[in-house]
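A.B. asks: predicted model and sequence follow; I will ask about them next.
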Amino acid sequence: MKLYIIKREEWLKKGLTGRVNKVLKHSFYVIHHTATSQKEYNGDINYLDRMHRERGFLLIGYHFIIGVDGKIFEGRKIGEEGAHTKRFNHSLGIALIGNFEEENIEIKQIESLLNLMNFLDNHFLIKKFTFHFILNENTLCGRKIYEKIIKNKNKKFFNFPEDLFYNLLWVQPPK
């Protein structure tokens, strides 16, 4: 299956205002939600880029953003430092649009996330992943995604590698 990722050049309305630091190798990725309402998304993620720039970033902080409709957008390029998880911006950042403490995750988002994970494994040999709440005890960001795809193993969301659960990177145990 071919994965379609909407390139940054296709959606970005405002160009870069500086230089993004480079990373030699991303050894894992961090899964987030944007903590924004799904209603703000209308097939375009420039509103998210604008929010990140207002916080002082050069552009959107995530490498990949998954829309409510399952579309995957490229934010920062692979090889560029992220701006998504303090102390772990050398990793890739993946965000699903929504605030999953208040909204439900769309099945199209989960399907796209799993396809993206497969793509990162097959093309960049990046198997290890974690969730924002595991790296930062002051946030719940990513916990609902974790519960949907990891803790609910009986639903068999994963169909690649069978031991995907063991690729989960634990920095500290969740509370």
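C.D. replies: Yep, that arrived.
A.B. asks: separation between the residue nearest to K108 when sequence neighbours are not counted and S91?
C.D. replies: Leaving aside its sequence neighbours, K108 sits nearest to G70 (Cβ to Cβ, 6 or more residues apart in numbering; 3.3 Å). The way it works is simple: take the backbone N, C-alpha and C, and place the C-beta from them, glycine included. According to Cβ to Cβ, to the nearest Å, G70 stands 23 Å off from S91.
A.B. asks: likewise F131?
C.D. replies: 12 Å.
A.B. asks: how about the strands in this protein?
C.D. replies: Under the criterion DSSP state E, strands of the chain are mapped to 5-6, 28-33, 64-66, 72-74, 92-96, 128-131.
A.B. asks: got the ones you listed as JSON lines, with mean pLDDT, distance to N138 and mean neighbour count columns?
C.D. replies: Listed next are the strands of the chain as JSON lines, based on pLDDT from 0 to 100; distance: least, Cβ to Cβ, whole Å; neighbours: other Cβ atoms under 10 Å:
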{"stretch": "strand 5-6", "mean pLDDT": "94", "distance to N138": "31", "mean neighbour count": "15"}
{"stretch": "strand 28-33", "mean pLDDT": "90", "distance to N138": "14", "mean neighbour count": "24"}
{"stretch": "strand 64-66", "mean pLDDT": "96", "distance to N138": "23", "mean neighbour count": "26"}
{"stretch": "strand 72-74", "mean pLDDT": "96", "distance to N138": "27", "mean neighbour count": "21"}
{"stretch": "strand 92-96", "mean pLDDT": "94", "distance to N138": "17", "mean neighbour count": "27"}
{"stretch": "strand 128-131", "mean pLDDT": "84", "distance to N138": "14", "mean neighbour count": "22"}
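A.B. asks: which residues does the residue nearest to E103 when sequence neighbours are not counted contact?
C.D. replies: Of all residues not flanking E103 in the chain, Q38 sits nearest, at 5.4 Å (Cβ to Cβ, 6+ apart). Neighbouring residues of Q38 by Cβ atoms under 8 Å, 6 or more residues apart in numbering: 68, 97-99, 103, 106.
A.B. asks: near S112, how many other residues are there?
C.D. replies: 23 (other Cβ atoms under 10 Å).
A.B. asks: got the contact list for it?
C.D. replies: Per Cβ under 8 Å, 6+ apart, neighbours of S112: 66, 70-72.
A.B. asks: which stretches of this protein have low pLDDT?
C.D. replies: 1, 150-175 (pLDDT under 70).
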